[in-house]
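J.: please work out how this folds:
(chains A and B)
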Amino acid sequence: KNQVEQSPQSLIILEGKNCTLQCNYTVSPFSNLRWYKQDTGRGPVSLTIMTFSENTKSNGRYTATLDADTKQSSLHITASQLSDSASYICVVSANIGSQGNLIFGKGTKLSVKP
Amino acid sequence: NAGVTQTPKFRVLKTGQSMTLLCAQDMNHEYMYWYRQDPGMGLRLIHYSVGEGTTAKGEVPDGYNVSRLKKQNFLLGLESAAPSQTSVYFCASGLFGPAYNSPLHFGNGTRLTVT
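T.: Next up, the predicted model:
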């Protein structure tokens, strides 16, 4: 069964610290892996999209890594800010059917405290 | 650019009532989706459309209908609301399908409560 598991479920860090969120998936055949940021009461916003051949991709203070062999991805946030408080959702695209299929993780809720 | 706009933002329905959720996008995207988000669960696909005049069922389509008469609009209907349909509904659009590196653009959701 195609699944996306994220850890931890929630995380509290102090402003200015770094953190790493994890995503493990059992999706086949794999097309791409996406990270989204969802602020409370808002829709998800795309951070990165990575294909099979990409190991690392950055978007400002956000850096995503992908290990397609172990089917793991991580999202590293550097020098956290209060505005980073949000849920971070890992999404994997399965190359199934003519249109593909997106499998969503349940998200990691990050709280950044002053 | 407004991006993806959803109306209404909030709604309370009684069991058995009907309503339509409207999604509009101004990015000329072909693909549009309706998802629901429930506590402790990932987003689940209700219905989707790959172009004007087309619709298809997603993972949890029962109790919902959709229409895409115009490319920029995607409507989600609840014919007879049930408490199990209490959820936050998100519309999304994309230039290409999920197999391509095309990000989804989401609206800010409709919070629906069915009593």
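
J.: how about the residues of chain B near chain A?
T.: Residues of chain B found near chain A (C-beta under 8 Å from any C-beta of the partner chain) are B:4, B:31, B:40-45, B:48, B:50, B:56, B:90, B:92, B:97-109. Bear in mind the C-beta positions are built from the backbone N, C-alpha and C, glycine included.

J.: so which of these belong to strands?
T.: B:Val4, B:Tyr31, B:Arg44, B:Leu45, B:Tyr48, B:Ala56, B:Phe90, B:Ala92, B:His105, B:Phe106 (DSSP state E).

J.: what comes up buried for stretch B:6-17?
T.: B:Gln6, B:Arg11, B:Leu13 (16 or more other C-beta atoms under 10 Å in any protein chain shown).

J.: got the CA positions of the helix or strand where the second one lies in PDB?
T.: What that stands for is B:Arg11. Using DSSP states H and E, B:Arg11 sits within strand B:10-13. Extracted in PDB, the C-alpha atoms of strand B:10-13 (Å, rounded to 0.1, in the frame of the first residue of the first chain):
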ATOM      1  CA  PHE B  10     -17.300  29.200   6.500                       C
ATOM      2  CA  ARG B  11     -20.700  27.500   6.500                       C
ATOM      3  CA  VAL B  12     -22.900  25.600   8.900                       C
ATOM      4  CA  LEU B  13     -25.500  23.200   7.500                       C
END
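
J.: and the contacts of that strand?
T.: For strand B:10-13, the external contacting residues (C-beta atoms under 8 Å, 6 or more residues apart in numbering or on different chains) are B:Met19, B:Leu78, B:Ala81, B:Thr110, B:Arg111, B:Leu112, B:Thr113, B:Val114, B:Thr115.

J.: again, only this time at 6 Å
T.: By C-beta atoms under 6 Å, 6 or more residues apart in numbering or on different chains, the residues outside strand B:10-13 that reach it are B:Met19, B:Ala81, B:Arg111, B:Leu112, B:Thr113, B:Val114.

J.: put together a markdown table for those, with secondary structure, neighbour count and pLDDT on each row.
T.: Below are those laid out as a markdown table (DSSP: H, G, I helix; E, B strand; the rest coil; neighbours: other C-beta atoms under 10 Å in any protein chain shown; pLDDT from 0 to 100):
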| residue | secondary structure | neighbour count | pLDDT |
| --- | --- | --- | --- |
| B:Met19 | strand | 16 | 97 |
| B:Ala81 | coil | 21 | 97 |
| B:Arg111 | strand | 16 | 97 |
| B:Leu112 | strand | 20 | 98 |
| B:Thr113 | strand | 13 | 98 |
| B:Val114 | strand | 19 | 98 |
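
J.: between the residues you listed, which is closest to chain A?
T.: Taking C-beta to the nearest C-beta as the measure, chain A lies nearest B:Arg111 of the contacts of strand B:10-13, at 8.6 Å.

J.: much appreciated, bye for now.
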